[in-house]
Each structure stands twice: as C-alpha cells, then as structure tokens.
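S.K.: compute the structure for the input listed below.
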Amino acid sequence: MWTVLFSLLLSLTSLSQAMNPTLKERPIELRAKPNLLLGKSEKTGADYYDVVITNQPSSGVLFTLPYTKKGGRFTFDLHHRLSLSGDFALPAEVTTVVEVLTGGTTSLGTFTISDVIKPGQTYDDTINKTSKAAVDKYVTPFSTKTVTLDTIPGPQSLSIVGQSLTITRGKDTIRIDTPGTRIATVSNVKFEEILEPNPLTKSPPQR
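M.R.: Numbers count the residues shown, from 1 in each chain. Purely as a prediction, here's the structure:
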C-alpha cells in the first residue's frame, strides 16, 4: 500500500512540476527601430515602445530570444496609445488589436485590449517621452493587459505589430487600420526559459 501511495504522490508531483515548470529569466535582444521608443516610466524606468500597424515583422517591436532547450514564456504589457488632447471627446470605448509574429509572417495570435475611457481618467504612470514635439504632448499609454506566450525550443524571433484601433462614441465608430499608424504601446517585456521541469527525471546529457 505504501508503494502505491508513494507512486501516486510521485505522479502528482511530476504532473504539478510539468504544469508549473521552473523558470529562469533570460536577457533578450531588442531589435526594434530606435524611433519606436515612446519613453521611460518615471516609476520603474521601464521602456515603452510604440506598436505600428504593419504586416512586416522588421517594422514591429522586434525581439530575438536566446537559444533554449525546452522553450520558455514571453510576456509583455499591452496598452492603448492615445492622444488625449482637448478634442478627444469622452466617454469613448477604445479597442486596440495587435498581433505577434514569428519566423517571418507566422502568427502566434492576436491580442485585444478594450476599455471605456471616461472624463478625468488618466494612466497610472508618467512617461518621460523621447519626443518633445508638440504633436506628441498629449500622447499616453492607457490601461494595461498582460500577454503571455509559450515559445518553442531553439532560437526564436518575435515581433509585435498593430492590426487596428477602433473608437466608439455613442453611435459613431471610427476604425483605424492604416499601415504605419501607431496604435498601441508595450512595456515590461520579459522572457523566462523553462528549466528541467522534473528534477527526479533528468534529461540525458547532450553528446
């Protein structure tokens, strides 16, 4: 009976470790164009990058992940990118859609953030912007949605690109899908490598 109980506990432990593997944060190489840097957070110093509408990975927020044996998890915070000047009528329902591409034009999925913005609402951080141009004075990230993606073993490049921005005020809806338009920002980009998921069954050494 003890043998059966031990086997059951071992199998449950192995399942838990497989579902919750050990992760180790690894550095990633940013290959986005410098002009996509919106600015830095005053609170944390995190970089905020603009996401443009495009189907070309090289024009998106592009990253190269390190080589891994078991893959990993790629996460980032997604925000609306809005110019909340005096003529941006509120309340407004804003829906922003981005896509993550890999291996050229292979899609890893589309991701949507949607919010109703009311008068008086602001983003909960201040961004020290790269651009001091008047046109960018009122530009701000707005709201936050954390996106998590599982990545494959080996090296991998990922690019975050924009698809569309929709703004609805009452019965009026505007949809923006013009290539080159900046519609979102991303921040807190992180990659974690999956390490040995079960320390009781080590992988054989590589020869």
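
S.K.: use CA for all of it now, contacts and neighbours both
M.R.: Noted.

S.K.: need the contact list for the residue nearest to residue 169 when sequence neighbours are not counted.
M.R.: Leaving out its chain neighbours, the residue that sits closest to residue 169 by Cα to Cα, 6 or more residues apart in numbering is residue 92, at 5.0 Å. By Cα atoms under 8 Å, 6 or more residues apart in numbering, the contact set of residue 92 is 116-118, 167-170.

S.K.: by neighbour count, which of the residues you listed wins?
M.R.: residue 167 (18 neighbours; other Cα atoms under 10 Å).

S.K.: chain center to the helix or strand containing that one: distance?
M.R.: Using DSSP states H and E, residue 167 sits within strand 156-169. How far strand 156-169 lies from its chain's middle: 11 Å, per Cα atoms, centre = their mean, to the nearest Å.

S.K.: can you check stretch 29-37 too?
M.R.: Centre to centre, stretch against its chain (Cα atoms, centre = their mean), the figure for stretch 29-37 is 14 Å.

S.K.: what is the mean pLDDT for that stretch?
M.R.: On average, the pLDDT along stretch 29-37 is 95.

S.K.: got the contact list for that stretch?
M.R.: Outside stretch 29-37, the residues within contact range by Cα under 8 Å, 6+ apart are 47-51, 58-65, 130.

S.K.: columns pLDDT, distance to residue 109 and neighbour count on top of those residues, output as CSV?
M.R.: Shown next, in CSV, are these (pLDDT from 0 to 100; distance: Cα to Cα, whole Å; neighbours: other Cα atoms under 10 Å):
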residue, pLDDT, distance to residue 109, neighbour count
47, 97, 23, 19
48, 98, 21, 26
49, 98, 19, 27
50, 98, 19, 26
51, 98, 15, 31
58, 93, 17, 17
59, 95, 18, 19
60, 97, 15, 27
61, 98, 15, 25
62, 97, 15, 21
63, 96, 16, 20
64, 96, 18, 16
65, 96, 18, 24
130, 95, 30, 15
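
S.K.: of these, which is the nearest to residue 176?
M.R.: The nearest member of the contacts of stretch 29-37 to residue 176, counting by Cα to Cα, is residue 51 at 13.4 Å.

S.K.: where's that closest one relative to residue 159, distance?
M.R.: Distance from residue 51 to residue 159, counting by Cα to Cα, to the nearest Å: 10 Å.

S.K.: what residues are shared contacts of the two?
M.R.: By Cα under 8 Å, 6+ apart, residue 51 and residue 159 have these common neighbours: 60-61.

S.K.: how about the CA coordinates for stretch 47-58, as CSV?
M.R.: Written as CSV, here are the backbone C-alpha positions of stretch 47-58 (Å, rounded to 0.1, in the frame of the first residue of the first chain):
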residue,chain,number,x,y,z
ASP,A,47,10.8,51.3,-21.6
TYR,A,48,7.6,51.9,-23.5
TYR,A,49,7.6,51.1,-27.3
ASP,A,50,5.1,52.1,-29.9
VAL,A,51,3.4,49.5,-31.9
VAL,A,52,2.6,50.4,-35.6
ILE,A,53,0.1,48.8,-38.0
THR,A,54,2.2,46.6,-40.3
ASN,A,55,2.5,43.1,-41.6
GLN,A,56,6.3,43.4,-41.8
PRO,A,57,8.0,41.9,-38.7
SER,A,58,11.0,44.2,-39.2
